[in-house]
Structure formats: structure tokens, C-alpha cells
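everything below, folded, please.
(one chain, ligands or ions: 1)
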Amino acid sequence: MDIKKIDNRLKSYNEASGVISYYNNSKIKLNEYGEYEEKIDNTTILNGISPNYTDITNEDEISKELYGNLDGIFYDKRIGYYKSLYVGHVAEGNYRKNASSGGVGTWIFKELFERNLIDGVIHVKQTSGDVDKLFSYQISKSIEEIQDGAKTKYYPVELSEVLEIVRNTPGRYAIIGIPSFIYALRLLSKKDAIIGERIKYMIGLICGHQKSSTFADFMGWQLGFKPGNMTYINFRKKLPGRRSSDYGIEVHGYIDGKYTEKISPTSELLGQDWGQGWFRVFASDYTDDVFNETADLVLGDAWLPGYTDDSDGNNVVIVRNEAIDEIIKESLKNGNLNFDDTDADTIFKSQSSGYRHLYQELPYRLYKRDKEEMKRPKKRVEASEDIQPKRRKIQDIREDISINSHIYFKEAVEKGDLQYFIDKMMPLSNQYYQLYRKTLLRRVMGKLKRVLSSRKIL
Ligand SMILES: Cc1cc2nc3c(=O)[nH]c(=O)nc-3n(C[C@H](O)[C@H](O)[C@H](O)COP(=O)(O)OP(=O)(O)OC[C@H]3O[C@@H](n4cnc5c(N)ncnc54)[C@H](O)[C@@H]3O)c2cc1C
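All right, here's what the predicted structure looks like:
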């Protein structure tokens, strides 16, 4: 694939958080690929507001400023600063039941609110009555409203509207976001005293990559809901009796004019292999911040042996902020949380594939852009082609899959033909599986050879 010939909108390095649109007072909009697009101007670049368009500072420096001098703080090169590390779930109420993983993402806001440490929560909720934009950042100001925002939304969202409300409405806020969004907010806080002062707590999610809104459309379409006819989607339906990683999708909407509700395990749907990256947003591949290094508390899925067997789900938890550390320690004592202490290696292992793609193999993606003489962001890793040849091929095919998925899906919608999209994507997907199969076979053969030669059979 000649990336130079691709529509420029599909190779933007802007994570499109809406922070730039808020800062330079411009409009941000969803384009026909289902990705947010915003205008980047020179003042914004010079003021260092955008993570990928400035090299004034980086996540190492900002996290050091925030947490480097705290008492009892630890540092791990892979996961950043931390005061405490855990794996577990919320024991009180229905927080875990109603959540994607262990429920800490909703529970922590409830705690901050009940303890009168904040007046509002900025998080992602369903947008009522809008089928073109199913989810958006909204502000919750009661426990019920906070609980209503639970669950992971694999959907594009942006911050410009809520930041405007924060600017115009005095109060203390907590916010949740993926790594590039939290980092963008940290950069903005340096230039915008009102935002810096009012957003008191930043909660971070781990994020393998961002999806375009067409990911949701594709899931719905496979279940019979044509694009535009879906009114609700739950990307993380817990399926009792299955592993937590074997979750389902629930979709509501209209099929042939009739209101319908459907649930399917994701394992029975195409485009759910996160390694392949169908509908991946290009900018997602240019963050090297896997563990949301500038967030006060970081939450992810405990994709770990001993935890995935439990269909109810568990979180991996990285605590950086002192007040949050205290709240968690108190709640462990009173039984509201059910956490196991853990270490940096275990937290890292829960995201080892994501880390390999996002951080360890980013040098190769940067190398490719340099070779094509394409402008690209300065990252904490240097460009290099020095990864195993097989991994280079995997990186190449992942790029083909994600870019082509946007193009072919747009064409399929125009043609009204889902099968067209599937027929275009399957050869790419099969190429990817072939590569993985060969790698696996080679690994098994290598191991066999080593065992036989150690027993002097070979
Ligand atoms: C795009 C994306 C990719 C992710 N990739 C990974 C991954 O690779 N590995 C991993 O371990 N975890 C990943 N996560 C995080 C994981 O899916 C869970 O959200 C996390 O474990 C918290 O679960 P919980 O049960 O504690 O949260 P819940 O109690 O279910 O609460 C979730 C909170 O997150 C907010 N939220 C939901 N969607 C978004 C969004 N798009 N942007 C900002 N806030 C949002 C909700 O409003 C709510 O406040 C990802 C999340 C997203 C949004």
C-alpha cells in the first residue's frame, strides 16, 4: 500500500481530543470515515497544546513534575510512577456488575463525589436521540448520573464542548480519558489556568487503540442493523460462565423498521481481533504512553491468568495520586474493594501485546514514515527498522488492515453492501493469520529442537 496516496484524513497524527478546538475556538467534526477532525493552527503548536504536534515537553517530564517528588513514590520505566499497584474489583453495590471490568472506573467518581472532593464528573455517556453520534463526553452531577456513565465505549469522543462548560461553570471536576487525551489536558492545564485549577483529578484508561464510529456500525450491521438504524450499543456485555475476555456485544435498533434487541459473543463477529486493528484511528499508533503516565489513577482490564476465568471481570490498577491512594486503602480495610496487591511485572504482563505494538514496535512505524519522507511526530523512542523481519511484516499488514478497513467500509455503506466490505477485508485478515501461524510453528519447532539437542537426540 502506498500510504502517500491515501486520503490525508486517514493519516492524521492528531488524536482529535477536542482540546485544540477548545483552545483555538474552532469546530471539531466527525468526518465520513467516522473520525473526529480538527483544525490545528501555528499558535496551538507553538503553545505546546497538542501531544503529537509539539516537542516542547513529553510524558516523562510532566509525570515527573506531578508525581516525582511524592513520598513513597516508585518508578518503573514501562509503567511510569506509582504509589500502589493492584488487581481486583469493587465489592460494594452493583459497580462491578454494571461495568466493563471491575467497576473501579465508576466507583472512584462516586467516592470523590460522596467525599465532597468534586462537584462534577466528566465522562463518556450515551447521547440521547442522536444516531449519528452515539456517545459523547458529558458532565454528571449526582451518583445516579455517575453510575449511568459506566462501560467502555469503543467510539470516538471529544472534549471541546465539556471544556467550554468547565470554563463557564466554576466547580471542582474529575475526568476520565485515554492516554493521549489526559496528556493533552495536562498540556492545556499549563496554558489555561481555569482548566488547570478546576479539573482536580484525572483518571486514565489504558488504551490499545481508538476506533472510528464505523467500528460500531460494522458490529451492528453484522447483527442485521444497517448503519444509521442502531440506537444503542454495549461493547462490553458480560457473558456469565465465559472468560472475562470472551465478552459479548449488545445492540438495539431497527431491522426492517421493527425495533429489535440482539446480543452476540464478540468471538462470533468479524473485526474483533484487536491485534489486527480493524477501524484503528491512525493517530493511535503514534502514542508511546501505554500506561497513561500522566493520570492520577490508571485502570485497565486484568487480562491475566487467574483473573480472566472470572466472567465478572477485574481491573488492573495503578495509583499515583495521594488522596486517591488514601481512599483506596481505606476502602480495602472496610471491604468495599476486593483487590490483590501486585507488582510492576504483573501490571506490565496484562498489557504485554499492547506494549509491544504501541511502544516496542513504534520505532519501525517511525522509520517507515521517515523513509517515505512523511512528516511525523517526535516521540520518546527513535526511528529504527531494527525489529525481527516477521514483526516488520506484522506491522505492515496491521497498517494495511486498519487503513483499508476505513476505505472499504465507506465504499460498502455507499453501495449498501456489507458483503462487499467482508470480501475486501478477508484476504488481508487471512494474510495476517498466516503470518501468525508460521511464527507459532517456527517457535514450536525451535523449542522442540532445543529440547532434543539438550537430550543429545539431535
Ligand atoms: C478506546 C478504549 C480502548 C481500551 N483499550 C484497553 C486495552 O488495550 N487494555 C486494557 O486493559 N484496557 C483498555 N481499555 C479500558 C477498559 O476497557 C476499561 O474501560 C477499564 O478497565 C475500566 O473498566 P471499569 O470496569 O473500571 O470501568 P466502568 O465502571 O465500566 O467505567 C468506565 C468509565 O470509563 C468512561 N469511558 C468509557 N468509554 C470512554 C472513552 N472512550 N473515553 C473516555 N472515557 C470513557 C466511562 O464513562 C466510565 O466513567 C480501553 C478503553 C477504551 C475506551
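
what's the span of stretch 73-86 from first residue to last?
By Cα to Cα, to the nearest Å, the extent of stretch 73-86 from end to end equals 15 Å.

ok, it near the ligand or not?
No. Applying Cβ under 6 Å from any ligand atom, one finds stretch 73-86 out of contact with the ligand, separated by at least 11.9 Å. The C-beta positions use only the backbone N, C-alpha and C, and glycine is treated the same way.

contact partners of that stretch?
Identification of contacts with stretch 73-86 by Cβ atoms under 8 Å, 6 or more residues apart in numbering yields 59, 63-64, 66-68, 70, 72, 290-291, 293, 315-322, 325, 328-329, 339-344, 346-348, 355, 359.

pull out the buried residues from it.
Using 16 or more other Cβ atoms under 10 Å as the test for burial, stretch 73-86 gives 76, 79-86.

then stretch 104-117?
Buried residues in stretch 104-117 (16+ other Cβ under 10 Å): 104-113.

any idea of the mean pLDDT for that stretch?
Mean per-residue pLDDT for stretch 104-117: 98.

same deal with stretch 325-335?
Averaged across stretch 325-335, pLDDT comes to 98.

near the ligand, list only the ones from the contacts of stretch 73-86.
Within the contacts of stretch 73-86, those near the ligand by Cβ under 6 Å from any ligand atom are residue 315.

tell me the contacts of residue 23?
Residue 23 neighbours (Cβ under 8 Å, 6+ apart): 44, 47, 49, 188, 191-192.

most surrounded residue in those residues?
Scoring the contacts of residue 23 on neighbours with other Cβ atoms under 10 Å, the highest-scoring entry is residue 49 at 26 neighbours.

tell me the contacts of that residue?
Contacts of residue 49 (Cβ under 8 Å, 6+ apart): 19-20, 23, 184, 187-188, 191.

please apply the same query to residue 405.
Residues in contact with residue 405 (Cβ under 8 Å, 6+ apart) are 214, 271, 278-280, 425.

quick check, residue 130 in a strand?
No. Counting by DSSP: H, G, I helix; E, B strand; the rest coil, residue 130 is not found in a strand; it is coil.

spit out the contact partners of the residue nearest in space to the middle of the chain.
The residue lying closest to the centre of the chain (Cα atoms, centre = their mean) is residue 207, at 2.6 Å. Neighbouring residues of residue 207 by Cβ under 8 Å, 6+ apart: 178-179, 284, 292.

any idea how far the ligand is from it?
4 Å (Cβ to the nearest ligand atom, to the nearest Å).

next, count neighbours for the closest residue to residue 322 other than its chain neighbours.
Closest residue to residue 322 apart from its sequence neighbours, by Cβ to Cβ, 6 or more residues apart in numbering: residue 70 at 6.2 Å. Residue 70: 14 surrounding residues under other Cβ under 10 Å.

residues in contact with residue 70?
If a contact means Cβ under 8 Å, 6+ apart, then residue 70 has 81, 83, 320, 322 as its contacts.

ok, now residue 439?
Residue 439 touches residue 390, counting by Cβ under 8 Å, 6+ apart.

can you give me the strands in the stretch 201-350 of the chain?
For the stretch 201-350 of the chain, the strands defined by DSSP state E, counting those that start in this stretch occupy 230-237, 248-255, 258-265, 297-301, 315-319, 337-341.

from the chain's centre, how far out does the fourth one sit?
Just to be clear, that refers to strand 297-301. Chain-centre distance of strand 297-301: 11 Å, with Cα atoms, centre = their mean, to the nearest Å.

that strand: partners in the sheet, and parallel or antiparallel?
Paired neighbours of strand 297-301 in the sheet (DSSP bridges): strand 199-205 (parallel), strand 315-319 (antiparallel).

for the last one, same thing?
Strand 337-341 sits in its sheet next to strand 84-90 (antiparallel), going by DSSP bridges.

next SSE after the partner strand?
Per DSSP states H and E, the first helix or strand lying C-terminal to strand 84-90 is helix 104-114.

wait, does that following helix contact the ligand?
Yes. Helix 104-114 lies within reach of the ligand by Cβ under 6 Å from any ligand atom, at 104-106.

relative to the helix or strand following that helix, what are the paired strands and their orientations?
Using DSSP H and E, the helix or strand that follows helix 104-114 towards the C-terminus is strand 120-126. Strand partners for strand 120-126, identified by DSSP bridges, are recorded as strand 135-140 (antiparallel), strand 173-177 (parallel).

can you list contacts of strand 120-126?
With Cβ under 8 Å, 6+ apart as the test, strand 120-126 has contacts from 109, 112-113, 134-141, 145-146, 148-149, 153, 155, 157, 159, 162, 166, 171-176, 199, 232.

which parts of this structure sit against the ligand?
Counting by Cβ under 6 Å from any ligand atom, the residues of the chain near the ligand are 99-106, 123-124, 149-154, 157, 176-178, 205-208, 210, 299-301, 315, 351, 354.

what about residue 443, neighbour count?
Using other Cβ under 10 Å, residue 443 has 10 other residues around it.

got the phi/psi numbers for it?
Dihedral pair for residue 443: phi -60, psi -40, per degrees, to the nearest 10.

same thing with residue 56?
Dihedral angles (degrees, to the nearest 10) for residue 56: phi -70, psi -40.
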